[in-house]
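**Q** quick check, what structure comes out for this input:
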Amino acid sequence: MKPILGTRGAVVASHSLAAQAGLDILREGGNAIEATIAVAATLAVVYPHMTGIGGDGFWLLHAPGQPMRSIDACGAAGAAVTRDLYGSASSIPWRGPLAANTVAGTLSGWGAAYACSQREWGGRLPFARLLESAIHYAREGFPVTHSQEANTRAKLVELQGQPGFAQAFLNNGQVPLYGQRHRFPALAATLEQLARAGADDFYRGELAQQIGADLAAVGSPVSTADLARHQAELKAPLEVRLSCGTVYNMAPPTQGLASLLILGIYDRIRQAGWNPDTVEGIHALVEATKQAFMVRDRHVTDPAAMGIDPTRLLDDAHLAALAATVPLDQASPWPAPNSDGDTTWMGVVDGEGRAVSMIQSIYFEFGSGVVLPETGIWWQNRGCSFDLRPGRLRSLEPGRKPFHTLNPAMARLDDGRLLVYGTMGGEGQPQTQAAVFSRYVWGGHNVRSAVAAPRWLLGRTWAEQSTTLKLESRYAPEVLERLRALGHPVEVVGDYDERMGHAGALVRHPEGWIEGGEDPRSDGCVAAW
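**A** Below you'll find the predicted structure:
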């Protein structure tokens, strides 16, 4: 597979309409941040089962010669969200108004990034221009994808009774079919209000008052006061030094630490010829994943509640100790941590070499399933990841941020290349990132084949009950058998299985040209010029 090439900018996203919306902004002279907002807004309409403005988001920002920065746009649990709210329940429900228990931070991330664009990147396009594509598709309609149809059908039983779901996501009570035109008129009006008033209106303006009334009407414990307290955070990302360059990812409350740990461990044990196409490479990456996930699950939570600086977990001594525990001749026991999630990742590189890696999510497919009656916003269920037991790492507390699987990635390689990459997929995100990175950097793949090549997934994700090592059927039978012989519980899945995530990657070369690769498991593309 040959990469898509460009010289003046490129966009990759999991839906082609969103990628093209971003490219339109670049063609008008917009920068990578402005294009990313257009992509994110469009995805929040045309890929509604995967994302929406009622979720959270995280950003990595690169500008040549400047430190890498990140934006944490994660919303916290509302002030009234206490353990008593859930009575004698052993866990927070996955769906419904009580699952809609955290502030939606996505718009605050758009606002913080837009301010950074205008302040530091010479941004000049009006915020309203960046929402035009999203408003058009919400108002006039967009064609339903196979993914939207399949996910609506699969989740209909648990969602059709949730407030507002049927009105927003069904067509006359029926699952919308592939190619049918679907509209979100209430959401279009909300986006038009944001275009007039700016992103902050979601939290402290006229729109915030309407959202607060909507949340109260459906029975969510999140209030107008909770919205007003929320702010996105601009901060330094985590980083790890590898033999080939420096890799960056999000700090807690995300699992970005795990993504960096996998690469840091693997880089210390890998041998020539190892990559995700070989048994040895897959085994080493899977075992590195186990070590990384165990560290993640011992430490990562709301950073305000963490007992250790996460940078200490990425130092040479800790990485060496973890690498020393990896068995190269057999599979180690697996504790099978569980997670679900639906997400959209996007990447943009502009003609000045500035780049964004961004991810936004509503957690499960369609989030809580609750759609606000007047504003048309479907609200996330990220807060169902809280633990209702007191004294635990991720115990529910009012004002606490939930643990996030979301983690956008970027790497500055020593030869001058910039790699912008990421994926959706819950537990699979760090694993897919490791596969794409190691294939491209060490495995002889170009960026497009690195994304499209067969992938594996350890554990449970996307509401799967099995905790096996899943491998796409494009792997050779001898690879599968040798992995079984090492003790891995191999399960063969489809050729291009959506559970493996919707990945993408862009590479800017020091000479200024850009290449990109999209995921055939998604509905996306690379748009370049």
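
**Q** skipping adjacent residues, who's closest to residue 208 in space?
**A** residue 227 (5.0 Å; CB to CB, 6 or more residues apart in numbering). For glycine as for every other residue, the C-beta is placed from the backbone atoms N, C-alpha and C.

**Q** likewise residue 266?
**A** residue 288 (4.7 Å).

**Q** what mean pLDDT does the helix or strand encompassing residue 37 get?
**A** Here residue 37 sits within helix 32-46, counting by DSSP states H and E. The average pLDDT for helix 32-46 rounds to 98.

**Q** would you mind writing the CA trace of the helix or strand following that helix as PDB?
**A** Toward the C-terminus, helix 32-46 is succeeded by strand 56-62 as the next helix or strand (DSSP H and E). Extracted in PDB, the C-alpha atoms of strand 56-62 (Å, rounded to 0.1, in the frame of the first residue of the first chain):
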ATOM      1  CA  ASP A  56     -14.300  14.600  26.600                       C
ATOM      2  CA  GLY A  57     -11.200  15.300  24.500                       C
ATOM      3  CA  PHE A  58      -7.400  15.400  24.700                       C
ATOM      4  CA  TRP A  59      -4.900  17.200  22.500                       C
ATOM      5  CA  LEU A  60      -1.200  17.100  21.700                       C
ATOM      6  CA  LEU A  61       0.200  20.300  20.100                       C
ATOM      7  CA  HIS A  62       3.500  20.500  18.200                       C
END
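
**Q** quick one: strands adjacent to strand 56-62?
**A** Sheet pairing here is set by DSSP bridges, and for strand 56-62 it gives strand 69-73 (antiparallel), strand 355-363 (antiparallel).

**Q** from those strands, which stretch is densest packed?
**A** strand 355-363 (a mean of 30; mean count of other CB atoms under 10 Å).

**Q** show me what the very next helix or strand once past that one is packed against.
**A** Next helix or strand after strand 355-363 toward the C-terminus (DSSP H and E): strand 409-413. Applying 3 or more CB pairs under 8 Å, 6 or more residues apart in numbering; DSSP states H and E, one finds that strand 409-413 makes contact with strand 56-62, strand 245-249, strand 355-363, strand 418-423, helix 428-442.

**Q** how confident was the prediction at residue 320?
**A** With respect to pLDDT, residue 320 has a value of 97.

**Q** that one contacts residue 268, correct?
**A** Yes. Counting by CB atoms under 8 Å, residue 268 is a contact partner of residue 320 at 6.5 Å.

**Q** higher neighbour count, the two?
**A** residue 268 (17 against 12; other CB atoms under 10 Å).

**Q** if I look at that one, how far off is residue 317?
**A** 12 Å (CB to CB, to the nearest Å).

**Q** low-confidence stretches in the protein?
**A** Scanning the chain with the threshold set as pLDDT under 70 gives 335-343, 460-466.

**Q** for it, longest helix please?
**A** Secondary structure of the chain per DSSP state H: the longest helix is helix 279-299.

**Q** state the next helix or strand along the chain beyond that helix.
**A** helix 316-324.

**Q** got the angle for that following helix vs helix 279-299?
**A** 130 degrees (axes from the mean of the first three to the mean of the last three CA atoms, to 10 degrees).

**Q** what is helix 316-324 packed up against?
**A** By 3+ CB pairs under 8 Å, 6+ apart, helix 316-324 packs against helix 256-269, helix 279-299.

**Q** who does the next helix or strand after it pair up with?
**A** The first helix or strand that comes after helix 316-324 along the chain, using DSSP H and E, is strand 342-350. Taking DSSP bridges as the criterion, strand 342-350 forms sheet pairs with strand 9-13 (antiparallel), strand 355-363 (antiparallel).

**Q** looking at those, which is closest to residue 3?
**A** Closest to residue 3 of those, according to CB to CB: strand 9-13, at 9.8 Å.

**Q** pull out the buried positions in the helix or strand following the closest one.
**A** Later in the chain than strand 9-13, the nearest helix or strand by DSSP H and E is helix 16-27. Buried residues in helix 16-27, counting neighbours by 16 or more other CB atoms under 10 Å, are found at 16, 17, 18, 19, 20, 21, 22, 23, 24, 25, 26.

**Q** show residues contacting helix 16-27.
**A** Helix 16-27 is contacted by residues 8-13, 32, 34-36, 38-43, 46-47, 125, 129-130, 133-134, 137, 142, 344, 346, 348, 350-351, 518, 523-529 when judged by CB atoms under 8 Å, 6 or more residues apart in numbering.
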